[in-house]
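*Asks:* got a sequence here, can you model it:
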Amino acid sequence: MLRILTIILFLAVNNLLAGEYYLKPKAYLDIESGKFIFKKLIKIKDEKIIAIVDEDQKKIEKNKVVKLEDLYLVPGFIDCHTHVLLTQTIEDQSLENALERESKLDDEFRIKRSLNFLKDYLRAGFTSLCEMGNSGQFLDYKLKLITADKKEYPSLFISGPGLATGKAQFKTVSSLERVKKEYNLITNESDFNLILKIYLDNSPGNGSLDESILKKIIQSPYLSHFKKVTYHATTLPAFQLALKFNLKSLEHFYSYQMNEDSLAQFEYITPTDLDRETLMLFNLYHKVFFDNQINRLKLLKRNHINIVFGSDLYFHKTSALFDRGYHAKKSISNYIEAGFQPLEILKILSLNPAKSLKQTEQIGAIKVNAHANILGFKTNPLENILGILERPLVINKGEVLK
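*Replies:* Numbering: from 1, shown residues only. Next up, the predicted model:
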């Protein structure tokens with residue numbers, strides 16, 4: 001039923017005069033106050049929200065109003081850690097094997113495949129994604145150029161090849177030539193001009209960043225050019241390195257066995273946990289590791305850390321029924337299990353990622369001057385957060401998705 005409604009709305013919106021129209025929802029979520037606002041019209045023009053007005057405005061032409069009176073609107077979701085240019089299958093058995101196989105693929109094939117993944121994400125409600133490496137030498141940049149003006153794809157933030165030492169996440173027997181197709185390898189002599197994602201450790205590969213190299217990276221003038229600088233950290237020594245250098249943003253954070261007082265220095269942590277069902281689908285579920293994930297989320301909640309949603313979903317099945325966007329979104333079940341409230345989860349999916357990217361005026365909220373990236377759900381997600389697992393009505397860059 002919602003699918004039929006979406007198609008009707010798409011046709012209606014695209015016939016509106018001058019590309020300007022109003023949404024009339026049951027209510028929309030003011031993500032900052034945490035409340036649904038009723039009896040309002042949201043005015044959209046040129047991909048942006050240009051006004052929010054009372055629904056009883058007399059001067060609005062009726063043919064410019066799109067009625068969504070049975071839908072609750074929330075900001076478009078943001079996955080701040082994903083890899084749409086990478087796949088790992090059950091047959092690969094490990095990330096190292098997957099990297100070796102993927103690095104041999106034709107660039108155009110990887111681009112074409114990623115376009116389908118992007119559509120999966122958008123249908124699931126992710127209107128913005130952060131592509132976090134393992135994407136060849138700037139295939140992510142090429143992908144960003146291809147999709148930038150197309151409303152059938154999410155907006156992309158990209159990291160380029162991650163900075164790592166040694167053989168990065170490849171096996172130690174892999175050739176340097178192949179490793180350099182996926183990573184920027186750094187030494188004490190490197191010119192640090194491509195900085196966004198930095199590997200404090202190479203797990204599951206061997207090696208970790210030397211303190212002298214990290215010091216040079218932090219002192220590099222290039223850091224100021226990026227919206228976000230973040231650090232891959234999956235081992236306890238990597239966390240200790242992050243603490244010593246007062247780093248502010250971490251990816252993964254697998255270990256929770258730390259002094260809770262030390263967490264206060266971090267502005268953002270992106271946990272990258274997959275849900276139990278998805279892990280089982282790829283024979284990756286281990287109770288002890290999964291329980292550690294839940295305990296770590298409880299730790300972060302207890303310490304009021306700004307959690308940024310990131311699925312890290314590069315696992316893949318060739319079945320046409322496998323939907324990356326849906327399985328990425330299913331990660332919210334971990335937050336539910338860890339005791340997070342619906343509003344906290346919605347902020348993790350929208351406002352917090354926008355803050356970490358310094359993009360709060362553009363994305364992560366339904367407000368004037370923000371991009372018109374909006375989702376509609378039949379169920380009030382503050383009352384039933386599991387309702388967001390259903391396919392939403394998606395408005396992306398001001399246009400209703402077919």
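*Asks:* report pLDDT for the closest residue in space to S94 that isn't next to it in sequence.
*Replies:* The shortest distance from S94 to any residue that is not its chain neighbour, by CB to CB, 6 or more residues apart in numbering, is 6.9 Å, and that residue is P204. Quick note: C-beta positions are derived from backbone N, CA and C, even for glycine. Model confidence at P204, given as pLDDT, is 88.
*Asks:* quick one: the helices in the chain?
*Replies:* Assigned by DSSP state H, the helices in the chain fall at 2-14, 95-102, 107-124, 139-147, 176-179, 211-219, 236-244, 276-281, 287-302, 324-329, 332-337, 342-349, 351-356.
*Asks:* least reliable of those going by mean pLDDT?
*Replies:* The stretch with the lowest average pLDDT out of the helices of the chain is helix 2-14, scoring a mean of 49.
*Asks:* possible to save the helices of the chain as TSV with mean neighbour count and distance to F315?
*Replies:* Supplementary listing: the helices of the chain in TSV, determined by neighbours: other CB atoms under 10 Å; distance: least, CB to CB, whole Å:
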stretch	mean neighbour count	distance to F315
helix 2-14	14	27
helix 95-102	20	9
helix 107-124	18	12
helix 139-147	18	19
helix 176-179	14	22
helix 211-219	15	30
helix 236-244	17	23
helix 276-281	16	7
helix 287-302	16	15
helix 324-329	24	8
helix 332-337	20	16
helix 342-349	23	20
helix 351-356	24	21
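*Asks:* tabulate those (TSV), appending distance to V368.
*Replies:* What follows is those, written out as TSV (distance: least, CB to CB, whole Å):
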stretch	distance to V368
helix 2-14	19
helix 95-102	43
helix 107-124	24
helix 139-147	26
helix 176-179	47
helix 211-219	37
helix 236-244	37
helix 276-281	37
helix 287-302	31
helix 324-329	27
helix 332-337	28
helix 342-349	20
helix 351-356	15
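*Asks:* so how far is G160 from the residue nearest to S94?
*Replies:* Per CB to CB, to the nearest Å, P204 is found 21 Å from G160.
*Asks:* isn't L375 up against Y72?
*Replies:* No: in terms of CB atoms under 8 Å, L375 does not count as a neighbour of Y72; the distance is 9.0 Å.
*Asks:* ok, these two, which is more surrounded?
*Replies:* More crowded of L375 and Y72, by other CB atoms under 10 Å: L375, with 28 against 23.
*Asks:* now the strands for the stretch 151-300 of the chain?
*Replies:* 155-158, 162-164, 183-185, 197-199, 230-233, 249-252, 268-270 (DSSP state E, counting those that start in this stretch).
*Asks:* what number of residues lie near F322?
*Replies:* For F322, the number of neighbouring residues by other CB under 10 Å comes to 13.
*Asks:* so what's it closest to, chain neighbours aside?
*Replies:* Leaving aside its chain neighbours, F322 sits nearest to H316 (6.9 Å; criterion: CB to CB, 6+ apart).
*Asks:* contacting residues around the one you found?
*Replies:* The contact partners of H316, by CB atoms under 8 Å, 6 or more residues apart in numbering, come to T87, Q88, T89, F322, R324.
*Asks:* repeat the analysis, applying 10 Å as the threshold.
*Replies:* 86-90, 92, 98, 113, 117, 282, 322, 324, 327 (CB atoms under 10 Å, 6 or more residues apart in numbering).
*Asks:* gap between the two ends of stretch 377-394?
*Replies:* Looking at stretch 377-394, the gap from its leading to its trailing residue is 9 Å under the measure CA to CA, to the nearest Å.
*Asks:* how far off centre is that stretch?
*Replies:* Shown here is stretch 377-394, whose average C-alpha point lies 18 Å from the average C-alpha point of the whole chain (CA atoms, centre = their mean, to the nearest Å).
*Asks:* report the buried residues of it.
*Replies:* Judged by neighbour count using 16 or more other CB atoms under 10 Å, the buried positions of stretch 377-394 are F377, N380, P381, L382, I385, G387, I388, R391, P392, L393, V394.
*Asks:* quick check, T278 in contact with Y326.
*Replies:* Yes: T278 sits in contact with Y326 when judged by CB atoms under 10 Å, with a separation of 9.4 Å.
*Asks:* shared neighbours of L375 and Y72, anything?
*Replies:* Between them, L375 and Y72 share these contacting residues under CB under 10 Å, 6+ apart: L29, P381, I388, P392.
*Asks:* mind listing what the second one touches?
*Replies:* In this structure, P381 makes contact with 29, 36, 72, 74, 342-343, 345-346, 349, 375, 387-388, 392, judged by CB under 10 Å, 6+ apart.
*Asks:* of those, which is the nearest to G398?
*Replies:* Using CB to CB, L375 comes nearest to G398 of the contacts of P381, at 13.8 Å.
*Asks:* okay, that closest one: pLDDT?
*Replies:* Per-residue confidence for L375 comes out at a pLDDT of 98.
*Asks:* gap between it and N116?
*Replies:* Distance from L375 to N116, counting by CB to CB: 21 Å.
*Asks:* and what of T360?
*Replies:* The gap separating T360 from N116 is 30 Å, by CB to CB.
*Asks:* repeat for K227
*Replies:* To N116, K227 is 27 Å away according to CB to CB.
*Asks:* then L145?
*Replies:* 18 Å.
*Asks:* domains in this protein, by residue range?
*Replies:* Following automatic domain parsing, the chain resolves into domains at 2-75+365-400, 77-330.
*Asks:* all set now, cheers.
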